[in-house]
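Chemist: No letters, just coordinates:
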Ligand code: ATP
Ligand code: FE
């Protein structure tokens with residue numbers, strides 16, 4: 001079976017072709033058009049700009065994915081598309097494109113939850129059995145999910161305010177480092193002293209798996225202002241120490257909360273326990289080392305898919321669609337875009353944050 005996947009929920013327009021047969025699953029192509037340069041001047045994703053760029057790019061992106069895969073549209077068996085959660089204008093571009101293709105070919109249309117795409121990725125890249133624990137840490141999301149099956153995910157905690165990637169990006173801005181903030185902060189932190197500035201580890205006194213990062217940002221601002229020069233410049237050494245302090249706080253919180261999430265997960269007595277990560281922040285080496293180390297001491301296998309599949313892409317959407325194709329669980333042409341769509345059961349469009 002061959003499936004076309006389309007993704008346009010945030011600031012990447014993506015299309016991919018994935019094939020599954022008795023031999024296994026192969027990504028035939030995965031094309032991603034980023035929008036970073038379009039939004040760079042605004043210090044964040046501008047929804048109207050994103051929507052227009054998706055609308056302009058999505059058809060071309062699909063053509064490129066088919067071309068690279070050397071597959072004709074008529075050779076596909078279904079069309080999977082992210083139907084939410086995300087920026088409504090972007091999601092709509094993808095959904096409308098997918099509906100057009102489905103209407104023209106008569107192929108089944110499958111509306112995929114973006115978070116389910118991330119959450120299923122470890123099964124695309126590694127031999128991972130249900131149930132596994134998933135930590136999704138990206139620019140827009142931070143949550144612990146227990147994946148019980150391809151259509152049942154249990155959210156056991158997550159951020160109550162900012163996502164870690166967002167916090168890395170804001171930190172970079174505060175320290176005068178370039179965007180995307182994560183890699184820049186990681187680089188600056190490498191030569192810094194993480195203990196010089198005392199930054200908070202929010203919510204560690206709470207026994208649950210919830211996290212908060214907005215207080216960390218405020219504390220960092222105060223620490224920065226205590227050393228910034230009258231001409232508003234930071235010395236390189238101060239910049240490095242602030243970056244290192246922030247990254248250490250982030251790492252400590254993620255490690256401690258992951259330990260709690262593992263307790264809840266391991267109580268299910270999984271036969272082959274796995275912690276998998278997804279999202280751009282999973283690229284951070286100190287965070288990765290902390291999680292690897294935690295898993296080693298807990299007897300849990302740590303699975304980190306390649307970065308290109310950890311960040312937004314359409315191969316994960318196609319792969320999630322394959323599960324639905326196998327069950328002949330399809331949507332019809334009335335499929336709607338859902339800006340909010342929690343993974344764990346609440347009815348689509350109901351209150352509840354996508355975070
Ligand atoms: P979402 O996928 O939730 O819609 P997104 O597209 O912004 O949001 P990703 O593409 O998964 O998220 O990841 C981008 C985020 O990851 C950015 O916030 C970026 O700063 C962060 N990031 C990337 N590399 C690193 C790193 N080495 N350390 C920390 N953060 C990083
Ligand atoms: Fe994402």
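Modeler: That came in fine, so what should we check first? Model, not experiment: these values are computed from the prediction. Ligands and ions are numbered 1, 2, ... in the order given.
Chemist: ok now do residue 259, which residues does it touch?
Modeler: Counting by Cβ atoms under 8 Å, 6 or more residues apart in numbering, residue 259 touches 294, 298. Every residue, glycine included, has its C-beta placed from N, CA and C.
Chemist: Check for me that it belongs to a helix.
Modeler: Yes: judged by DSSP: H, G, I helix; E, B strand; the rest coil, residue 259 forms part of a helix.
Chemist: Tell me the pLDDT of the closest residue in space to residue 159 that isn't next to it in sequence.
Modeler: In this structure, residue 159 finds its nearest non-sequential neighbour in residue 142, 4.0 Å apart by Cβ to Cβ, 6 or more residues apart in numbering. The score at residue 142 is 95. That number is its pLDDT.
Chemist: doesn't residue 160 make contact with residue 142?
Modeler: No: using Cβ atoms under 8 Å, residue 142 makes no contact with residue 160, being 9.5 Å away.
Chemist: Who has more neighbours out of the two?
Modeler: Remark: of residue 142 and residue 160, residue 142 carries more neighbours, 28 against 15, as counted by other Cβ atoms under 10 Å.
Chemist: so how far is residue 246 from residue 191?
Modeler: For residue 191, the distance to residue 246 equals 14 Å [Cβ to Cβ, to the nearest Å].
Chemist: try residue 207
Modeler: 25 Å.
Chemist: With neighbour numbers in mind, choose between those two.
Modeler: residue 246 (31 against 9).
Chemist: Please identify the helix or strand for the closest residue to the more buried one other than its chain neighbours.
Modeler: Excluding its sequence neighbours, the residue lying closest to residue 246 (Cβ to Cβ, 6+ apart) is residue 171, at 5.0 Å. For residue 171, the host element (DSSP states H and E) is helix 164-174.
Chemist: list the helices and strands that helix packs on?
Modeler: On a contact count with 3 or more Cβ pairs under 8 Å, 6 or more residues apart in numbering; DSSP states H and E, helix 164-174 meets helix 181-189, helix 214-227, helix 236-266.
Chemist: how about residue 275, secondary structure?
Modeler: Residue 275 ends up strand, using three-state DSSP.
Chemist: likewise residue 158?
Modeler: strand.
Chemist: Show me the one of the helices and strands packed on helix 164-174 that comes nearest ligand 1.
Modeler: Nearest to ligand 1, of all the helices and strands packed on helix 164-174, is helix 181-189, at 1.9 Å by Cβ to the nearest ligand atom.
Chemist: Tell me where the stretch 51-200 of the chain has strands.
Modeler: 78-84, 109-113, 132-137, 142-149, 152-158 (DSSP state E, counting those that start in this stretch).
Chemist: Identify the contacts common to residue 142 and residue 160.
Modeler: Common neighbours of residue 142 and residue 160 (Cβ under 8 Å, 6+ apart) are residue 211.
Chemist: before we move on, the earlier item: burial check on the residue nearest to residue 246, number of neighbours?
Modeler: For residue 171, using other Cβ under 10 Å, the count is 28.
Chemist: cool, and residue 21?
Modeler: Neighbour tally, residue 21, other Cβ under 10 Å: 9.
Chemist: For residue 33, list the residues it contacts.
Modeler: So residue 33 contacts 12-14, 57, 61 (Cβ under 8 Å, 6+ apart).
Chemist: That one and residue 183: what is the separation?
Modeler: Residue 33 sits 20 Å away from residue 183 when distances are taken as Cβ to Cβ.
Chemist: just checking, residue 70 touches residue 17?
Modeler: No: assessed by Cβ under 8 Å, residue 70 is found out of contact with residue 17, at 9.0 Å.
Chemist: Comparing these two, which residue is more hemmed in?
Modeler: residue 17 (28 against 10).
Chemist: ok, that one - contacts?
Modeler: 2-5, 27-29, 65-66, 68-69, 71, 76, 318.
Chemist: May I ask which two of these are separated the most?
Modeler: Farthest-apart pair in these is 3 and 68; separation 15.1 Å (Cβ to Cβ).
Chemist: mind listing what the residue nearest to residue 246 touches?
Modeler: Applying Cβ under 8 Å, 6+ apart, the residues near residue 171 are 177, 181, 185, 217, 220, 242-243, 246.
Chemist: Just the buried ones among these, please.
Modeler: Burial by neighbour count, judged by 16 or more other Cβ atoms under 10 Å, picks out 177, 181, 185, 217, 220, 242-243, 246 from these.
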